[in-house]
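Engineer: how would this look folded up:
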Amino acid sequence: MPKRRHALLILLLLALAALASIAASLSVGSVRLGPSELLQALSGQDRGIAFEVVRSLRLPRALAGFACGGLLALAGALMQVLLKNPLADPYVLGVSGGASVGALFALLFGLPLLVLHLGAFAGALISMLLVFGLAHGDGSWTQTRLLLTGVVVAAGAGAVVALMLSVAPEQQLRGMLFWLMGDLSQAGSPWPALAVLALGLALVLPFARDLGLLARGELPAQALGVPVARLRLMIYVLASLFTATAVNSAGSIGFVGLIVPHLVRLALRSSAGNDQRLLLPASVLAGGTLLVVADALARTLVAPQQLPVGVLTALIGVPAFLYLLSRQPR
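Structural biologist: Alright, predicted model coming up:
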């Protein structure tokens with residue numbers, strides 16, 4: 001029971017950190033708002049410039065950032081469970097690259113928004129099937145084979161992206177490049193991404209026990225009655241959907257799905273680090289918080305110019321991952 005209370009306390013702290021990060025994101029910028037001004041703008045008591053800035057610009061962007069960070073962290077956690085590989089991540093394995101190819105193709109030809117969403121999902125799913133199918137080899141995954149396959153698929157997706165950028169009209173090029181590095185300024189309405197995140201959590205949490213068993217190996221999971229083939233297919237589809245939704249909203253953002261599940265396991269190690277019922281929602285909260293903070297920094301560090309948020313997540317993620325490697329040299 002003390003361990004469970006400790007884990008629930010961590011979830012509560014992560015939820016408070018998420019709320020604090022969103023509040024900070026709403027407060028900072030060219031128009032700085034104090035706590036009272038922010039509350040008045042959110043409640044609608046003050047319908048001046050603060051109301052317009054918060055309700056029309058900052059709040060949708062902060063919510064979109066939280067949804068995208070949560071989706072990427074959830075996709076990374078699911079991939080790491082499926083492959084039993086700590087390096088599994090939508091960005092590293094080329095899934096984000098495939099989604100970027102599908103989305104950029106729709107952007108290049110000015111196709112409707114629905115086609116852009118479908119293209120990103122199809123690209124992510126095809127990349128994932130390529131990586132996992134080719135890495136399967138003689139019937140079992142190995143870390144070396146998986147990573148090499150992911151690098152090759154990611155390199156191929158990068159080549160296709162470079163080809164599309166080379167033929168893109170000049171007026172579209174800067175926006176496409178900025179979007180590729182991660183950009184929440186054009187995220188639009190956050191509600192579709194939030195709906196996908198909520199639906200995804202609702203779908204995976206009932207399978208938390210099966211995911212925990214699968215993380216220990218396919219044969220033990222099958223012996224305990226886990227439908228491995230069906231669970232694997234569900235992870236394929238959901239991880240592709242989560243990645244495609246995040247790419248549609250914010251472009252290609254790396255390291256969130258790689259770093260966040262590791263940090264959450266480290267925090268939960270003393271209580272329930274392998275309990276997927278706690279790990280998955282904690283990863284969502286931590287991933288959303290990380291991306292909201294990174295986006296707030298991207299807006300303010302060199303204001304009035306804005307940095308790509310993907311650059312900030314890489315600058316945060318690289319030293320964090322090196323630190324984790326130094327703690328576990330094996």
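Engineer: tell me how many other residues crowd Arg230.
Structural biologist: Applying other CB atoms under 10 Å, we find 11 other residues in the vicinity of Arg230. Just so you know, the C-beta spots here come from the backbone N, C-alpha and C atoms, and that holds for glycine as well.
Engineer: for the helix or strand hosting it, which helices and strands make contact with it?
Structural biologist: Using DSSP states H and E, Arg230 sits in helix 228-250. Contacts defined by 3 or more CB pairs under 8 Å, 6 or more residues apart in numbering; DSSP states H and E place helix 228-250 against helix 59-83, helix 95-108, helix 113-136, helix 191-204, helix 208-214, helix 218-223.
Engineer: could you rerun that using 6 Å?
Structural biologist: Other helices and strands packing on helix 228-250, by 3 or more CB pairs under 6 Å, 6 or more residues apart in numbering; DSSP states H and E, are helix 59-83, helix 95-108, helix 113-136, helix 191-204, helix 218-223.
Engineer: okay, buried residues for that helix please.
Structural biologist: 228, 231, 234-236, 238-250 (16 or more other CB atoms under 10 Å).
Engineer: swap in stretch 206-224?
Structural biologist: Judged by neighbour count using 16+ other CB under 10 Å, the buried positions of stretch 206-224 are 207-208, 210-215, 218, 221.
Engineer: so which of the helices and strands packed on helix 228-250 gets nearest Gly257?
Structural biologist: helix 59-83 (2.6 Å; CB to CB).
Engineer: that older thread, now the helix holding Arg230, how far from the chain's geometric center?
Structural biologist: Taking CA atoms, centre = their mean, to the nearest Å, the mean C-alpha location of helix 228-250 is offset from the chain mean by 11 Å.
Engineer: then that helix to CSV, C-alphas only?
Structural biologist: Written as CSV, here are the backbone C-alpha positions of helix 228-250 (Å, rounded to 0.1, in the frame of the first residue of the first chain):
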residue,chain,number,x,y,z
VAL,A,228,0.0,-11.3,-28.2
ALA,A,229,-0.8,-11.0,-31.9
ARG,A,230,-3.9,-8.9,-31.3
LEU,A,231,-2.1,-6.7,-28.7
ARG,A,232,0.8,-6.2,-31.1
LEU,A,233,-1.6,-5.1,-33.8
MET,A,234,-3.3,-2.7,-31.5
ILE,A,235,0.1,-1.1,-30.5
TYR,A,236,1.0,-0.8,-34.2
VAL,A,237,-2.2,1.1,-35.1
LEU,A,238,-2.3,3.2,-31.9
ALA,A,239,1.3,4.2,-31.9
SER,A,240,1.0,5.2,-35.6
LEU,A,241,-2.2,7.2,-34.9
PHE,A,242,-0.6,9.0,-31.9
THR,A,243,2.6,9.8,-33.9
ALA,A,244,0.6,11.0,-37.0
THR,A,245,-1.7,13.2,-34.8
ALA,A,246,1.3,14.8,-33.1
VAL,A,247,3.1,15.4,-36.5
ASN,A,248,0.0,16.9,-37.9
SER,A,249,-0.3,19.4,-35.1
ALA,A,250,3.3,20.3,-34.4
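Engineer: what comes up buried for the helix or strand that comes right after it?
Structural biologist: Past helix 228-250, further along toward the C-terminus, the next helix or strand under DSSP H and E is helix 256-268. Of all the residues in helix 256-268, those buried under the rule 16+ other CB under 10 Å are 256-265, 267-268.
Engineer: tell me the angle of the very next helix or strand once past helix 256-268 relative to helix 228-250?
Structural biologist: For helix 256-268, the succeeding helix or strand toward the C-terminus, using DSSP H and E, is helix 276-300. Helix 276-300 runs at 20 degrees relative to helix 228-250, counting by axes from the mean of the first three to the mean of the last three CA atoms, to 10 degrees.
Engineer: helices or strands next to the helix or strand following helix 276-300 in the packing?
Structural biologist: In the C-terminal direction, the helix or strand that comes right after helix 276-300 (DSSP H and E) is helix 309-327. The contact analysis (3+ CB pairs under 6 Å, 6+ apart) places helix 309-327 against helix 256-268, helix 276-300.
Engineer: what's the angle from the shortest one to helix 228-250?
Structural biologist: Angle of helix 256-268 versus helix 228-250, following the same axes, to 10 degrees, is 110 degrees.
Engineer: ok, residues contacting helix 256-268?
Structural biologist: For helix 256-268, contacts defined as CB atoms under 6 Å, 6 or more residues apart in numbering pick out 7, 10, 69, 72-73, 75-77, 80, 89-90, 273, 279, 282-283, 286-287, 313, 317, 320-321, 324.
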